[in-house]
Each structure stands twice: as C-alpha cells, then as structure tokens.
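# Sequence and predicted structure are below.
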Amino acid sequence: MKKVILSLYFLALSVGIIYAEKVNYFFDNSIQFDPKIPSPEQFLGYEIGSRITPHHDINAYLEELARLSDRAQIFEIGRTHEGRKLKILTVSDPSNLAKLDAYKQERTKVRKAETPETPLILFLGYSVHGNETSGAEASLLSSYYLVAAQNDFVKKQLTDGIYFIDPVRNPDGQERFAEWVESNRSINFINTHPSDREHSEGWPRGRGNHYWFDLNRDWVNIVHPESQARVTFYQDWLPHVQVDHHEMGANSSFFFEPTDPNGNESRFVPKSTYKLNAEFGNYYAKALDKIGSFYYSKEEYDNKNPNFGSTYPDYNGGVGILFEQGSSRGIQQNSDNGPLTFAHTLRNQLVTSIVTINAANNNRKALFDLQKEFFTVDKGSTKSYIIGDSYDQSRLYKFINLLLAHHLDVFENNQDVTINGNKFEKGKSYIIPVGQPNSALVQIIFDDKKDYTDASKLGYGAGFNVAYSTGLAYELTNTPAKGAKVETVREVAVKPFQQSDYAYLVDFRDSKVQQFLFRLLEKDLIVKTSSRPFSANTAQGVINFTYGTLLIPVSNQNVSSSELYGILKTVSEKERVNVIPVETGYSVKGADLGSSSFNRIRKPTVLLVTGGFVSSNEAGEVWHLFDQKLRYPIVRVEQESFGRISLSSFNRIVFAGGSYNSLDARSQEALKNWINSGGVLITIGSASSWAINSKLIETPVAVAPQPTGRRQGQDSARVEASAALQRGGSGGGRVPTSVFETKINLNSPLAYGLTREILAVPRESAPSLPATGNVVATYTDSPLLNGYADEAALRRFKTSASVRTSGSIILFGDNPLFRGIWDGTERTFVNAILFGDRVGRSFGRFNN
C-alpha cells in the first residue's frame, strides 16, 4: 500500500499574541466533516486552545460522539480515587464495533503465539501527568477526526483498525490543573511571562493523581485504581501500538521515539520492536516538517523501565511510543523559541496521534509478526523463579496477584526446597517459569542486572526489579516440580478461635497484622507488644512467639470480655488475621505475659508536613499509606503553617523528603521542645539530612547534593534528571534509582514482624546518613542488587546507614514507601509510627 501522510494545513504563527485558533489551524480545509457531528468548539462553546478543557467536559464530548455516531462506542473501565469515570472511546467501522466481544476473545490467541483474525488494535493515551494537558486537549480533536471525517482514507483506516482513545489518564490531576489555570489566567489579556501564576502551579500541582503519585511509574506496580483499570483493559486487548503523550519544559520543542539506542534498549525486548520505533519516527518527522514544527529524537529518555506507559507495551508484545511536547503550562508563554501557544502544543500532539494510525496501518504485517515473535515460548528454558514466605502470606499473595494481573504464569510449589539458605515451603511458595509466553516481563520484574556502565543513560532509574520490593526471599533455579497453575490467589485462612477470659496473642509476622492493630487502637483497646521471644501454652499446643507479638489482655479494657471477643472476631475476619486465645500468663519459655517485656502500644496521633518545599510524591506516599492501606486518620499541615499550630496534639510528626529550611528558628525550637517532651519525629531521605544539619541531632553528615534551579519539592522532568546525572562527573556519587542490600537488626522495634536480616531498599542518590549511634539498618559490603552506582557512591555506602535513630528521632536515609510498592521497607516505617517511642531504648546489639 502506498504510504500516505495525512496532509495538514500549514499556518505559520503570526507576529504577536495568538489567543485562539480556528479548526482549520488543526485540519486541512479539504477534509469534509459530518455536519451532524459537532466539533469540540461547537460542543464546548469556545475555540480549542483558548482554555484548558476539564476532564468532565472531555468525557461529555466523547459521550456525545458515541451517542451521535455509529463509528463510536464509549466504555467506563474504572473510577479514580476521587470517583471520576475512566472512559475509553472506541472508534472503528460499525461492522467492527458489532463484533467487539468476539474480537476480544480472538485476541487471547496472541499469548499462544497465534495470529488472531482481528483488525489492528491501537491504544491512544493522553496526559497521564495531569498538568501536561496538550495531550488531553488533542484527544478531543483526534476523536472528532476519526468519528466525523468523511474521506475514503479515514473510512479505510476505520475498517482496518480499532482505536481506543484514553483521553485523560489522570483525571484527578488534570482537573486540578485546569482549575488552577482557569482561576489564575487573566481575562482581558494573555500573560506570557513564565513566572506568572498561570504558569507556576501551587503545591502539589496537577502532575500526580489524588495522592500526588506519578501514574507514569505505576504500570507494573498497579498501586492505584487508574492503573489497575488500565492494565486490565490493556491485557484484555494486547494492542499492537500504544502512544503516550507528555509534555516537557517550555524551551524544548517536540520529542518522538526512537530514544537514544545506546544504553536505552532493554535486552529482554525484541530488536524488531525498536526497528518499528525508528520506522514510525520517519512518519512523525515528515508530518511535523509539513506543518513547520521543530522536533528531535534519538536522544534522552528511558526505554527500559516497564512502569512507563510508553515502555510497558514493549514488554507485552506491542510497540510503545513516547511523545514529549514543550509545554505552555497555560494558554501561552514566552520561550527561548518565541511565543509558545497552547494551540500549537496540542496541534503537534494531534498530528502525531493521527500519523501513528497511518504508520501502524502501513506496518500492519510487521506488528502482527512482532506479537507472534514476542509470545513464542523458548522451549529450551528450564529456569524458574521461586518465591515464598513461611509467615507473611499476605505479602506473598499480594505479589502473586500482581503477577496474575499481568497475565503471567504462576504455579504452586508442591515440595519443600532450600536454595542458598532460603527455605521455600510447600503451600507457602510459588514458581514462576522464565520460559513462558511473556518471558520478557518476568525477567524485568526479577531483573538483578547491576553492571550498567553508561550512567548518562540512566537518569530515570536503573533498578526495575519489583520482586525486591516485596522483601520476600526468592531464587532463580532449575525448574522444580510444578504444582497446579494458579488462577486466583486464596486469602489467608482465618481459623476460628474461642473466647478467653485471660488474654489473646497475635503473631506479628504477617503484614496484615499492622492493619489489625490500628483497628484495635482506634477502639482505645489496651494492646501490648513483646520485646522478647517467648513460648506459650495454647489450645493448639505450645507455640513459639517472636519479637513484636501482640498481647491483648481481657482485664482492664473499656469493654466486657464478651464484647472484646466480638471485636477481635470481627476485626480478625475482616483483616484476615489469626488470633490465639490463652488462659494463663505463665509462659513455657521466656517472659511471662505480665513481664515488663510487654509494652503498651500508645495510639498514634500523626502530623504530616506538606506543601512548600516538601516533595509532593513522598508526602503523597505517606498520605496514601494511612488513608488507603492502614485506613487511619492523620493531620496534614502546610509547611508555612507549621510554626502556628500546637504540636502537643500529636505524638508523631513525619517529614517526608524535601527541604525544611523555611522553618524559622521559633518553629525549630518548638520542634525540639516537642521531641524532648516525648514526641517522635520521623524523617525520610533529604529530610533526614536536614534534621542533622539543623542540629536536631548532633552528628556530622555528608549531605547528598540537592537539585538546583527548582523548588526542592517539585518533581523534575525525566530529561532534567538525565542532564543532572550527566553533569555529576565521575566523582559525583551518582545513583539513578537502583536497589541496594541492607542488613537490619531484627531485635529493633522497627524490624518487628520481619524474619530476614537482609532487606532490599530503593535509592535515588548516594547515601547521606553516617553509620554512627543507634544504627537499625546498614548497607552490606556489596550492596548493589539491581541498577547502577558509581565508585564514589559505592565508597559512601561503606560508611553509611539506611536507618538510624537518635533518641526520639527516627531517620530513614532511603524512602521506605517508594511509589507505594515497597512492602518490605514499608513495614519498618509503620513500625516507626507504632513503636517509635521504644526505639530510643536498648534493643540488643547490632551484628555487622
């Protein structure tokens, strides 16, 4: 088929301010549109490019298209945290739409390396970063074009393909940004100065979702409902191509793939994927040349991280394509390249969207062949990963569910196995073969590569291993005897228990026990925790209990014995936790239940500092933990208001990563007095460095370099991260996001519930906590597990701690809540909330 490039009308920007653009700025005048279908301008009542269209109006327009046209159907695939509908507009020939269910079933052949008899499948995704709205605005015009254009060229593309349009991948953030621009733009003139409020969002900005998370780091992690719904939809259809429309700094032009091939291509992805990236790039160049837009490619940007929307398809047999448009961050602003209008930015996004459809149709055979190649199983592969835990089944099941969500093959382990000292019990561990249809995704999830040598290509991260985030033991081994294939993971089995008139015990090693404990503290029940191992007589016989075991006495509670039993029964069933009644406090071995080794757990009252120069990502991770996982209330206070509130209402304060230099002397003095009165301060990352430098802790510290030229709390674009890494030089202590090995003191209250001394942690910079004083976790001699660290950084690891305490201050050098997925380190943070008032006391020698 002769390659046809969609002819778009070239209109040079006139001198002066361009406030709004007519439809013929976006489309060739020769294209005839169905008059029964309203254009976005006709439906919305304003010219596209003159305002930021909020998500609810975008949905309304797409619903109108589906109502009026037999070319379109609209589906809701989920809801955001704030309840906004995630809508997908499906556009194709009516004959294809009538067979969608059959085509969806036919697509299951892809995983069998068979060629399904379906049209081409494209997934067009826009604005996963809510304040990068040129993509969302372009989705209106892309939808209008496909639904209303009357030429034969479009009609043939509709016959040959099914196009899923995902107009706003982050509705909560996009609405936040739209409201900001609308409420801050001038009515009678355009303010083009980059520093004007219109172009400078207030904290937390619209980039993240409701909890301020970056959803373009969540495709594999699937922490959030937006990602969960989208991955389910993706796996149902396995599209041939997915595009991901983004924005970058105003002084940049337009980027399209291919990325820099040197160091930015995954060894797990077929080379044919990247060849298609290059082929599509030729189409984009010609189309952008035609309208006079400047662009670049073959530079920067990560093409390996499977958590990106432009890269996840590469690990699923498709072609993922990244677009980055220089952002007007409002209606228009001045840039190094002259006036940059919103209309110009969304036109580039529109052009590349439409040209993607053309390029895909012209490379139809190559795209079908790629999927067949990708899903062909290597019959010679005999390796498997085995992962398990004898005590924390909740954490294990969560990870297995993640694998199943990505349609990976998982099998039961039917025999006890010990590998490299790690025991994997029958029924408490699982087998994941490397040789399976989606071997690439399995291998990147368990990747242990740590010999990346070109650090300049790793500005966005080098450690992609999700398995390490669980904190569970796993090994690569020759395939053991597999049990049944896992289709759904069962819940933790909760055993019935009898009422006791003396006490109840709960093993703290399953991670769900933390939620269970918060439910009891909410009811103001007396709960104690053991600081020593012991053995107790129970109805099940003698049971050995370890550090952190919960003791719930029956006496002196604010409820009767029968009421307490009812509460424990209800909460244990809901949280899937086993409760063990005991009738005596006399232990078979170790401390008796009335010993001072059992300490009462005080109900936490938590203050989280937000705003100002605090990282919105890291503050959001804390908020998300409490709101979604622990379901426990906290108070969030703006950094600028910190000095005006009474701290006496709280017994825990959390400083997430960021800068706290704006806290004046009076605020710092109030904080010191609060700590001296028994309050527990918990700091994360750069906040830990601040705590030391501000003399809250009298210990010198080598502080990791902080970004310059931006507010500390702002999220750097990926391109800026790459540039900063390249500037670092050989002695800069460079660490793109990577995974490191620590050794944790299991006697510490921060480690309660953990059973392994080795704990993997994520890092985004060289370490900065000296390994002096009360060290809870330190890096091992060879700490790098996955990713990259230069020699200067590795030298610093030898004298650094990952977690340490000083009196009532708990310092995390690494982020224990990284992206909401690091369940292993998350336990230590929650323990800091629960047992923070105990960590300043002696908890045994740390054995290095």
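Okay, I see it. Since the model is a prediction, treat every value here as computed from it, not as a measurement.

# domain parsing for the chain?
23-375, 383-485, 503-600, 606-835 (automatic domain parsing).

# starting at the chain centroid, how far to the shortest one?
The reference is to domain 503-600. Centroid separation between domain 503-600 and its chain, computed with Cα atoms, centre = their mean, to the nearest Å, is 34 Å.

# ditto for stretch 670-687
Here the centre of stretch 670-687 is set off from its chain's centre by 28 Å, with Cα atoms, centre = their mean.

# Check stretch 96-103 too.
Per Cα atoms, centre = their mean, the centroid offset for stretch 96-103 relative to its chain is 33 Å.

# and if you look at stretch 308-321?
That offset, for stretch 308-321, works out to 16 Å (Cα atoms, centre = their mean).

# Going forward, the N-terminal residue is numbered 35.
Sure, I'll start counting at 35 from here, so that last one is stretch 342-355.

# measure that stretch end to end?
Start-to-end span of stretch 342-355 (Cα to Cα, to the nearest Å) is 10 Å.

# Throw the domains of the chain into CSV and include distance to Phe531, thanks.
For glycine as for every other residue, the C-beta is placed from the backbone atoms N, C-alpha and C. Output for the domains of the chain, formatted as CSV (distance: least, Cβ to Cβ, whole Å):
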stretch, distance to Phe531
domain 57-409, 33
domain 417-519, 18
domain 537-634, 5
domain 640-869, 20
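
# Please name whichever of the ones you listed is nearest to Val526.
Val526 sits nearest to domain 537-634 of all those, at 4.2 Å, using Cβ to Cβ.

# so where's this structure shaky on pLDDT?
For the chain, residues meeting the criterion pLDDT under 70 lie at 35-57, 485-496, 732-768, 874-882.

# try it again with 50
The chain contains residues with pLDDT under 50 at 35-55, 734-765, 876-882.

# Dump the strand ranked longest in it to PDB, keeping only the CA atoms.
Ranked by residue count and defined by DSSP state E, the top strand of the chain is strand 808-820. Extracted in PDB, the C-alpha atoms of strand 808-820 (Å, rounded to 0.1, in the frame of the first residue of the first chain):
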ATOM      1  CA  ASN A 808      21.900   3.700  67.100                       C
ATOM      2  CA  VAL A 809      22.000   2.100  63.700                       C
ATOM      3  CA  VAL A 810      19.000   0.000  62.800                       C
ATOM      4  CA  ALA A 811      19.900  -0.900  59.200                       C
ATOM      5  CA  THR A 812      23.200  -0.600  57.400                       C
ATOM      6  CA  TYR A 813      24.400  -1.400  53.900                       C
ATOM      7  CA  THR A 814      26.100  -4.700  53.300                       C
ATOM      8  CA  ASP A 815      29.700  -4.800  51.900                       C
ATOM      9  CA  SER A 816      28.500  -5.300  48.400                       C
ATOM     10  CA  PRO A 817      25.200  -3.500  48.500                       C
ATOM     11  CA  LEU A 818      24.200  -3.000  44.800                       C
ATOM     12  CA  LEU A 819      21.500  -5.500  43.900                       C
ATOM     13  CA  ASN A 820      20.000  -4.000  40.700                       C
END
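
# quick one on the thing from earlier: and the domains of the chain as TSV, adding mean neighbour count?
Formatted as TSV, the domains of the chain follow (neighbours: other Cβ atoms under 10 Å):
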stretch	mean neighbour count
domain 57-409	20
domain 417-519	19
domain 537-634	18
domain 640-869	20
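
# closest to Glu525 out of those?
domain 537-634 (5.3 Å).

# Quote the end-to-end distance of the closest one.
14 Å.

# do stretch 830-848 as well
End-to-end for stretch 830-848, by Cα to Cα: 14 Å.

# And stretch 215-231, by the same measure?
8 Å.

# who's in contact with that stretch?
51, 53, 85-86, 88, 232-234, 284, 364-369, 373 (Cβ atoms under 8 Å, 6 or more residues apart in numbering).

# still on that earlier bit, packing partners of the longest strand of the chain?
Packing partners of strand 808-820 (3 or more Cβ pairs under 8 Å, 6 or more residues apart in numbering; DSSP states H and E): strand 772-778, strand 792-797, helix 825-831, strand 835-840.

# among those, which is nearest Ala501?
strand 792-797 (8.9 Å).

# sorry, back to before: among the contacts of stretch 215-231, which one lies nearest to Val451?
Closest to Val451, out of all of those and judged by Cβ to Cβ, is Pro88, at 54.8 Å.

# give me the element the nearest residue to that closest one once chain neighbours are set aside is part of.
Spatially, and ignoring its direct neighbours in sequence, Pro88 is nearest to Ala212 (4.2 Å; Cβ to Cβ, 6 or more residues apart in numbering). Using DSSP states H and E, Ala212 maps to helix 205-218.
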